[in-house]
Structures are given as structure tokens and as C-alpha cells.
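Novice: I would like to see how this sequence folds:
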Amino acid sequence: DFMARIPVFGPFLFEEQPPRTTTGPVVVEGIQDLDQLATVRWEESVIITRKSGGTELEQLVAGEEVTVVAAGDVEAGVNLADLGRDDVRVDGEMVTIRLPEPEILSVSLDEDETRVYDRDFGLLNVRPDDALVEEARAAAVDRIEETARDEDILDEAGQNAENSIRAFVTSLGFEEVRFE
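Specialist: Numbers count the residues shown, from 1 in each chain. Okay, the predicted model is just below:
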């Protein structure tokens, strides 16, 4: 190509260069704008049983037992709004970032999939205890979160956050992104 051989008119004049942000504060603001970056969504099902009525005799007469089958979701990621100016350093073509620790962003039950599976009443109990069902649902949310943590959701969220932020920062024109 003739134009490429001419130094003044070669690729530098006609080739479009990607825009690059060279200051740390601008990179920080761009990352902060991503806000809460949810990088992992975990789905889990659990079975929870709750009882009321005290002793075995009290349970037999006036107690209640409820079994709830619950399905829920856990989202984990990093809260990029917590990123400060000191957490990003720009050195030429390299950016070094200290991301906030990954955290659980939300835990919720899937209402379409969560239901009371079984309910047993004592001999004299004629009125269901809705508070017992709510207690079982709350326990299900806790168990779903605990299971996700046991399965290392936070490690996965941290790794996925690094990959996402690396892609974002390199799209700004930087060559290398490191994490501390």
C-alpha cells in the first residue's frame, strides 16, 4: 500500500486510534459508575421443617409442624461504589486495581417455586400458625445463603469481577490490568 510507505501519511495519520483515558480518577469514576457488579447468580432448593408446641406431649395436643420446600437465588459480586481514588493506579499502559471484597448482594426466594409441602396439626389445634410458615421461609433464605457461601460463591464472584473489570479497562485502551 502506497500510503503506508510514506512516513508522514502512514498509519499514524489515517488509522483511528482507540481513545484512552490516562488518569486514575477518570478510570475510578468509570468503574464506580458500574455500581454493584453482580457477577454470580446461584440457584438453590432447600427443605425446612419447623415445629411449635414445646414438649412432645404439647406438640401432640396443640402443636404444629410445617415443612416448606423453598427455591431461591443468591447474587454475589462487588460494590464498585466503594472503590476509592487510592484503589486505582495508572502507570503508562498499565492499571493496578484493588477491588472491594466480594459480597452477597441479594438473597431471595422464588415465590413460584416455594411452597408449604406438608403441615401437621396437634389433636386440638384447629388454627394454622402462619408465623411458623414465615419462620420456615426465613430459615430457608438463611440456608440458601449459607449453601452458596459453602460452595465458594464469593471466590467465584471475585474472579468474575476481575475478568469483567479487566475487559472494561482494556476497552479504555490500556494494555495491562493487574489486581491486588
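
Novice: So, low pLDDT: which residues of the chain?
Specialist: Across the chain, residues meeting the criterion (pLDDT under 70) sit at 1-35, 58-60, 62, 122-123, 125-126.

Novice: What segments of it are strands?
Specialist: Applying DSSP state E to the chain gives strands spanning 36-52, 64-79, 88-91, 94-97, 103-109, 115-121, 176-179.

Novice: among those, which is the most enclosed?
Specialist: Most buried of the strands of the chain by mean neighbour count (mean count of other Cβ atoms under 10 Å) is strand 64-79; its value is a mean of 21. Quick note: C-beta positions are derived from backbone N, CA and C, even for glycine.

Novice: Pairing partners for that one, with directions?
Specialist: Using DSSP bridges, the strands paired with strand 64-79 are strand 36-52 (antiparallel), strand 103-109 (antiparallel), strand 115-121 (antiparallel).

Novice: Now do the buried residues in stretch 134-154.
Specialist: For stretch 134-154, the buried set under the neighbour-count rule, 16 or more other Cβ atoms under 10 Å, comprises 135-137, 139-141, 143-145, 147-148, 153-154.

Novice: Which ones among these lie within helices?
Specialist: Using DSSP state H, 135-137, 139-141, 143-145, 147-148, 153-154 are the members of the buried residues of stretch 134-154 that sit in helices.
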